[in-house]
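Enquirer: Take a look and give me a structure for this.
(one chain, ligands or ions: 1)
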Amino acid sequence: MLLRVDNLTKIYGRGARANDDLSLQVGEGEVLGLLGHNGAGKTTLLNQVAGLARPTSGTIVLDGRDPVADPAYARRVCALQLQAQAPLTGVTPRQAIDMLGRIRGGRRQRVRERTGQLLAALDITEWADTPGEKLSGGVRRLTAFCMAVVEPGRLVMLDEPTNDVDPVRRRLIWQQVRQLAADGCAVVVVTHNVTEAERSVDRVVVLDHGRVATTGTPVELRRRASGDLRLELTLTPGVAAPEPPSWATRTTVRGQHMVISVASAGAPQAIAWAQHLHASESVAQFVLNPISLEEIYVGLTGTSEEDHDAALAA
Ligand SMILES: Nc1ncnc2c1ncn2[C@@H]1O[C@H](COP(=O)(O)OP(=O)(O)OP(=O)(O)O)[C@@H](O)[C@H]1O
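Expert: Numbering: from 1, shown residues only. Got it, this is the predicted structure:
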């Protein structure tokens with residue numbers, strides 16, 4: 001494993017327990033999605049791995065070394081895209097990316113080529129030579145991504161890289177993330193976009209109040225979830241919600257929207273019931289889907305089952 005974190009606890013000065021007995025691992029060629037609510041401790045974890053903050057207790061082993069004892073080595077091995085926007089005043093994206101590549105020890109010609117390739121891969125070449133103060137938030141974020149990965153090191157850590165970025169270019173970012181893993185990097189991506197993560201990561205760690213709430217591949221997490229199908233009904237305006245059927249494991253109604261959890265064996269029954277309601281015009285439309293990682297996430301990190309149901313029906 002390139003990165004191994006064991007029983008890591010970080011308590012800040014005023015007593016905030018940001019990481020609480022947290023353990024995880026990331027291997028080369030693997031993309032780990034780090035999910036968790038605001039304040040769950042994701043950035044705190046990245047900062048300690050990069051040697052920027054000191055753990056209260058526990059161990060971090062990065063490429064066989066301790067980043068606390070050897071922060072200079074940690075910074076060489078890690079590429080980190082910070083959550084805050086990179087300061088780009090007075091420089092263009094091309095200059096900023098090129099400069100970072102050179103600072104991280106890349107050879108002039110190679111860095112120049114890689115900068116051009118990244119700008120093209122993320123479809124921002126048209127702003128490559130625009131001064132930083134004139135760039136949109138999304139292009140600034142994409143530039144920061146390129147700065148982090150132009151000379152990536154063996155562990156790439158990206159803190160919310162798709163924030164502010166349009167849906168098409170978000171996909172381009174995820175393609176580059178996969179490419180980094182294919183090139184042998186270990187990649188950790190912090191994101192609030194669970195749906196995107198579900199499509200693109202190998203494994204997920206969900207943090208909740210500094211602790212690991214769950215970990216596994218998206219497929220494993222879905223398999224573990226109870227009531228693994230969701231029947232979503234849009235009720236016809238003015239029509240009362242139907243009585244929840246006996247086979248429903250959970251039912252939520254919010255306005256015209258009804259969500260019913262169903263075990264997968266109950267799928268034919270659920271479809272027949274929904275078709276009957278549709279034929280009698282009390283249901284305008286319905287859809288039966290497998291549970292998504294986002295629903296599992298909300299169930300794990302919401303404060304109650306009601307929060308979970310409300311999120312589903314929202
Ligand atoms: N420098 C600091 N001093 C004191 N407390 C801090 C500091 N940095 C973070 N915290 C606290 O530690 C906890 C974890 O914060 P952290 O930024 O790691 O969470 P996060 O999961 O990255 O959140 P977000 O998704 O909002 O970025 C929070 O309660 C936060 O207020």
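Enquirer: what's the helix or strand for the closest residue to the ligand within the stretch 201-314 of the chain?
Expert: Nearest residue of the stretch 201-314 of the chain to the ligand: residue 207, at 6.5 Å (CB to the nearest ligand atom). All C-beta spots, glycine's among them, are computed from the backbone N, C-alpha and C. According to DSSP states H and E, residue 207 maps onto strand 203-208.
Enquirer: Sheet partners, orientation included, of that strand?
Expert: strand 31-36 (parallel), strand 211-216 (antiparallel) (DSSP bridges).
Enquirer: Would you format those strands as JSON lines with distance to residue 288 and mean pLDDT included?
Expert: Putting the strands paired with strand 203-208 into JSON lines (distance: least, CB to CB, whole Å; pLDDT from 0 to 100) gives the following:
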{"stretch": "strand 31-36", "distance to residue 288": "25", "mean pLDDT": "96"}
{"stretch": "strand 211-216", "distance to residue 288": "24", "mean pLDDT": "94"}
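Enquirer: Straight-line length of stretch 95-113, end to end?
Expert: 13 Å (CA to CA, to the nearest Å).
Enquirer: who touches that stretch?
Expert: When contacts are defined by CB atoms under 8 Å, 6 or more residues apart in numbering, stretch 95-113 is touched by residues 79, 86, 88, 91, 114-115, 118-119, 132, 143, 146-148, 150-151, 153.
Enquirer: For residue 216, which residues count as its bridge partners?
Expert: Residues in beta-bridge contact with residue 216 (DSSP bridges): residue 204.
Enquirer: can you pull the contacts of it?
Expert: Here residue 216 is in contact with 203, 204, 224 (CB under 8 Å, 6+ apart).
Enquirer: cool, and residue 40?
Expert: 207, 208, 209, 210, 301.
Enquirer: what does residue 47 give?
Expert: Applying CB under 8 Å, 6+ apart, the residues contacting residue 47 are residue 53.
Enquirer: Just the buried ones from the contacts of stretch 95-113?
Expert: Buried positions within the contacts of stretch 95-113, assessed by neighbour count (16 or more other CB atoms under 10 Å), are 79, 86, 88, 91, 114-115, 118-119, 132, 143, 146-148, 150-151, 153.
Enquirer: Which residue ranges of this structure form strands?
Expert: 3-11, 17-26, 31-36, 57-62, 78-81, 155-159, 186-190, 203-208, 211-216, 229-235, 250-254, 257-262, 283-290 (DSSP state E).
Enquirer: Direction-wise, compare the first one with strand 17-26 and give the angle.
Expert: Using axes from the mean of the first three to the mean of the last three CA atoms, to 10 degrees, the interaxial angle of strand 3-11 with respect to strand 17-26 works out to 180 degrees.
Enquirer: wait, does strand 3-11 contact the ligand?
Expert: No - Strand 3-11 does not reach the ligand (CB under 6 Å from any ligand atom); its nearest approach is 7.8 Å.
Enquirer: Show me which residues of that strand are buried.
Expert: Result for strand 3-11 [16+ other CB under 10 Å]: buried residues 3, 4, 5, 8, 9, 10.
Enquirer: with the residues you listed in mind, which one is nearest to the ligand?
Expert: residue 10 (7.8 Å).
Enquirer: which parts of stretch 17-32 are buried?
Expert: For stretch 17-32, by 16+ other CB under 10 Å, it's 17, 18, 19, 20, 22, 24, 25, 26, 28, 30, 31, 32.
Enquirer: quick one: least confident of the contacts of residue 216?
Expert: Lowest in pLDDT among the contacts of residue 216 is residue 224, which has 76.
Enquirer: Let me see the mean pLDDT of stretch 277-296.
Expert: 90.
Enquirer: tell me how far the ends of that stretch are from each other?
Expert: Start-to-end, stretch 277-296 (CA to CA) is 28 Å.
Enquirer: Ok, stretch 114-134 next?
Expert: 24 Å.
Enquirer: Grab the nearest non-local neighbour of residue 166.
Expert: The spatial neighbour of residue 166 that comes closest, neighbours along the chain excluded (CB to CB, 6 or more residues apart in numbering), is residue 138 at 6.0 Å.
Enquirer: what about the one you found, how many residues close to it?
Expert: 16 (other CB atoms under 10 Å).
Enquirer: now swap in residue 89 and tell me
Expert: Around residue 89 there are 7 residues (other CB under 10 Å).
Enquirer: just the one 4 residues further on next, same as before
Expert: Summarising burial for residue 93: neighbours were counted as other CB under 10 Å, giving 29.
Enquirer: Could you report the separation of it from residue 106?
Expert: 16 Å (CB to CB, to the nearest Å).
Enquirer: now swap in residue 150 and tell me
Expert: Distance from residue 150 to residue 106, by CB to CB: 7 Å.
Enquirer: repeat for residue 120
Expert: 18 Å.
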